[in-house]
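Q: just need the structure, nothing else, for what follows:
(2 chains)
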Amino acid sequence: MSKVTMPPMQPLHSARICSMDSKEGLSADEVSVRFGGLVALDRVSLEALPREVHGVIGPNGAGKTTLFNVMCGFVKPDSGTLTYFGKQVHGLRPEKLTRMGVARTLQGLGLFSRMPVIENVMIGADSQAKVGVLRALVGAGSTVTEERRLRAAAMEALDRLGVAGYAAKLPPQLPYAIQKKVALARALVSNPRFLLLDEPASGLSEEEMGELGDLILHLAGDLGVVLVEHHMDLVMRVCSNISVLDFGRVIAVGTPAEVKANPLVTEAYLGDEVGA
Amino acid sequence: MRNFWNFLLIGVSNGLVYALVALGIVLIYRSTRVINFALAAMAMFSTYIAASLVDRNAPYFVAFVAAMVFGFLLGAVTERFVMRPVESKSPLNAVIVAIGMLIFLEAMAGVIWGAKLRNFPSYFSLIGLKIGGTRLAISNFDLFIVTVVVVLLLALLVLFRYTKLGLMMRASAFAPEVARLLGVRVGRMLTLGWGLACAAGAVAGLLAAPKVFLFPNNMDAVLIFGFTAAIIGGLDSPVGALVGGLITGVALSFIGGYLGSDLETVGAFVILVVVLMARPEGIFSSISARRV
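A: The predicted model follows:
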């Protein structure tokens, strides 16, 4: 099993001028989502900040994935707002939000099984690039250069996660843990400012989970991470703030220590394990 | 024996036209799961545009390119404004809208250009080539067909395999939601896919017209042959469309040559039924699923 190697990171957004208040990020405010009669989210608020890991925990069916779907644009909230650096972005489609810097990984990974790993990552690469439809159709030389540049960017993203050696393979040929890294590389290749990770630890071994924790902390040196996860050890280790959802409501927000000590949380979710 | 070779060559030439139609069907089916029955009418309409231009003394190749561009725009506009509203509904809605579009365009062509059969010029001679004193059944125009189709297929291959645009189109076709999440403007890719498919259809119309003449539903039979080819190829494989087109073209040429040309359409249906019974997933889909 290859170890995740982490070269010293340059800030990815050094070129971007961040005039906004540093205390701002991606936040959901009083968001409600109903599916027919079922209330999936009931006035849920969450504020994710740059360079922080924000955990979202809660029992199955608490609305964690629905909240993610709202935050990445898949689901339009029935009420409430989504703001991104002070700008209202609810109702924007996922491709738009992704282009603005909100990347997400999926629980099911969603890798294209018939495309080699490198192409999987290239799809996500530099979505801002203006690849003119006409130019690509005419097949101008610049398109070829552009393609080469995207390939290099994808390779670099794979390399950062230590899976560059699998570039030519098809995803189904690879072990699950490698596939997960490919999916993560694909989310990171667009240089997002926020990364939404949907159960990144599921299916990983103890050791791989340790690596993942290191990686998340490392990523948080540069971007905001929102983490939906069931593995409490990982959540408690990497998160600076945690929101606890239960039946579509936020029942607690706070640091790992605060959340652990909250009796409501203990009752709803953590059960006896907290005392142990 | 000479007949055999002649039928084979004609079959290949016709088959390449069917392959273009099949490709038009496949490009749309694999990205939107809609069988675009309107493709026949779109091809016919584009061909009429070319014919009108030629009537006004435009050079053949200008008319050819203009018809392709028109086909592209017609496909793109149809996807954006006619198919998009029914996209999220049941697939049956889209199929019915496509058939409605077919009827609408054929009626419009009748209104604009009349329902009469007319000639469509071909830049190249339709008279059989002579090799060593024997006259073959294929003409310069057939060689033109081969050239055009091969160039077009190679251009599409380059687009899909070697450009970011093609990559995004493939991603949109396989998993639109995931593609969105990666920043791909899926709607635009679908519009573009319809445009390309209908441009291919327009070329098929231009290449078929000198042989089948031009009238408002001149492409209906060709669509059936193209559809047969697409089914043989597995409906979502461009390579399958090419092979399916060649198989259909050659098979129908032999049926028409040896058994009588009235039986060609019947032959297409027989092939269709046999393929659907024996291998409903087509010849190529299992190979592409296993391709590693």
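
Q: could you pull out the helices for chain A?
A: Assigned by DSSP state H, the helices in chain A fall at A:64-71, A:94-100, A:117-124, A:133-138, A:141-160, A:176-188, A:206-219, A:232-238, A:256-261, A:263-265.

Q: the stretch 1-150 of chain B too?
A: B:2-32, B:39-55, B:60-77, B:91-113, B:140-162 (DSSP state H, counting those that start in this stretch).

Q: domain map for chain A?
A: Taking automatic domain parsing as the reference, chain A has its domains at A:18-23+A:44-101+A:192-276, A:112-191.

Q: in JSON lines, list these along with distance to chain B, mean pLDDT and mean neighbour count.
A: The C-beta positions use only the backbone N, C-alpha and C, and glycine is treated the same way. JSON lines is the format used below for those (distance: least, Cβ to the nearest Cβ, whole Å; pLDDT from 0 to 100; neighbours: other Cβ atoms under 10 Å in any protein chain shown):
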{"stretch": "domain A:18-23+A:44-101+A:192-276", "distance to chain B": "4", "mean pLDDT": "84", "mean neighbour count": "18"}
{"stretch": "domain A:112-191", "distance to chain B": "3", "mean pLDDT": "81", "mean neighbour count": "19"}
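
Q: make CSV from the helices of the stretch 1-150 of chain B and add distance to residue A:124 and mean neighbour count to it.
A: CSV is the format used below for the helices of the stretch 1-150 of chain B (distance: least, Cβ to Cβ, whole Å; neighbours: other Cβ atoms under 10 Å in any protein chain shown):
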stretch, distance to residue A:124, mean neighbour count
helix B:2-32, 19, 24
helix B:39-55, 33, 25
helix B:60-77, 26, 20
helix B:91-113, 29, 16
helix B:140-162, 18, 16
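
Q: could I get the ones you listed as a markdown table with mean pLDDT and distance to chain A?
A: Converted to a markdown table, the helices of the stretch 1-150 of chain B look like this (pLDDT from 0 to 100; distance: least, Cβ to the nearest Cβ, whole Å):
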| stretch | mean pLDDT | distance to chain A |
| --- | --- | --- |
| helix B:2-32 | 91 | 11 |
| helix B:39-55 | 94 | 17 |
| helix B:60-77 | 95 | 9 |
| helix B:91-113 | 92 | 21 |
| helix B:140-162 | 90 | 6 |
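
Q: now render those as JSON lines, adding distance to residue B:132.
A: Conversion of the helices of the stretch 1-150 of chain B to JSON lines gives the following (distance: least, Cβ to Cβ, whole Å):
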{"stretch": "helix B:2-32", "distance to residue B:132": "12"}
{"stretch": "helix B:39-55", "distance to residue B:132": "35"}
{"stretch": "helix B:60-77", "distance to residue B:132": "30"}
{"stretch": "helix B:91-113", "distance to residue B:132": "43"}
{"stretch": "helix B:140-162", "distance to residue B:132": "17"}
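
Q: which positions in the stretch 151-292 of chain B make contact with chain A?
A: For the stretch 151-292 of chain B, the residues in contact with chain A (Cβ under 8 Å from any Cβ of the partner chain) are B:155, B:158-159, B:162-168, B:170-171, B:174-175, B:177-186, B:188, B:192, B:288, B:291-292.

Q: buried only: go through the residues you listed for me.
A: When neighbours are counted using 16 or more other Cβ atoms under 10 Å in any protein chain shown, these contain these buried positions: B:159, B:163-168, B:170-171, B:174-175, B:178-186, B:188, B:192, B:288.

Q: find the residue at the geometric middle of chain A.
A: residue A:196 (2.0 Å; Cα atoms, centre = their mean).

Q: bridged to that one, which residues?
A: Beta-bridge pairing for residue A:196 (DSSP bridges): residue A:104, residue A:226.

Q: OK, now which residue of the stretch 101-250 of chain B is nearest to chain A?
A: Of all residues in the stretch 101-250 of chain B, residue B:183 sits closest to chain A, at 3.1 Å by Cβ to the nearest Cβ.

Q: look up how far residue B:98 lies from that residue.
A: Going from residue B:183 to residue B:98 by Cβ to Cβ, to the nearest Å gives 30 Å.

Q: dump the helices of chain A into JSON lines; add distance to residue B:58 as well.
A: What follows is these, written out as JSON lines (distance: least, Cβ to Cβ, whole Å):
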{"stretch": "helix A:64-71", "distance to residue B:58": "53"}
{"stretch": "helix A:94-100", "distance to residue B:58": "40"}
{"stretch": "helix A:117-124", "distance to residue B:58": "41"}
{"stretch": "helix A:133-138", "distance to residue B:58": "22"}
{"stretch": "helix A:141-160", "distance to residue B:58": "30"}
{"stretch": "helix A:176-188", "distance to residue B:58": "48"}
{"stretch": "helix A:206-219", "distance to residue B:58": "60"}
{"stretch": "helix A:232-238", "distance to residue B:58": "68"}
{"stretch": "helix A:256-261", "distance to residue B:58": "74"}
{"stretch": "helix A:263-265", "distance to residue B:58": "76"}
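
Q: relative to residue B:77, tell me which of those helices wins on proximity.
A: Evaluated with Cβ to Cβ, these place helix A:133-138 nearest to residue B:77, the distance being 15.0 Å.

Q: leaving out sequence neighbours, find the closest residue to residue B:243.
A: residue B:233 (5.9 Å; Cβ to Cβ, 6 or more residues apart in numbering or on different chains).

Q: now residue B:227
A: Nearest non-adjacent residue to residue B:227 (Cβ to Cβ, 6+ apart): residue B:25, at 6.2 Å.

Q: pull the contacting residues for that neighbour.
A: B:35, B:36, B:39, B:197, B:226, B:227, B:230, B:235, B:241 (Cβ atoms under 8 Å, 6 or more residues apart in numbering or on different chains).

Q: which of the residues you listed are buried? Put it as a ChimeraX command.
A: A single ChimeraX command is used to select the members of the contacts of residue B:25 judged buried by 16+ other Cβ under 10 Å:
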select /B:35,36,39,197,226,227,230,235,241
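
Q: about what we covered before: can you list which of the residues of the stretch 151-292 of chain B next to chain A are found in strands?
A: Using DSSP state E, no member of these falls in strands.

Q: report the contact partners of the residue lying closest to residue B:58 once chain neighbours are set aside.
A: Leaving aside its sequence neighbours, residue B:58 sits nearest to residue B:66 (Cβ to Cβ, 6+ apart; 7.5 Å). Neighbouring residues of residue B:66 by Cβ under 8 Å, 6+ apart: B:49, B:50, B:53, B:58.

Q: how about a cut-off of 7 Å?
A: B:49, B:50, B:53 (Cβ atoms under 7 Å, 6 or more residues apart in numbering or on different chains).

Q: could you verify my assumption that the second one touches residue B:62?
A: No - the pair formed by residue B:50 and residue B:62 falls short of the contact definition of Cβ atoms under 7 Å, at 9.1 Å.

Q: tally of neighbours for residue B:212?
A: By other Cβ atoms under 10 Å in any protein chain shown, the residues close to residue B:212 number 17.
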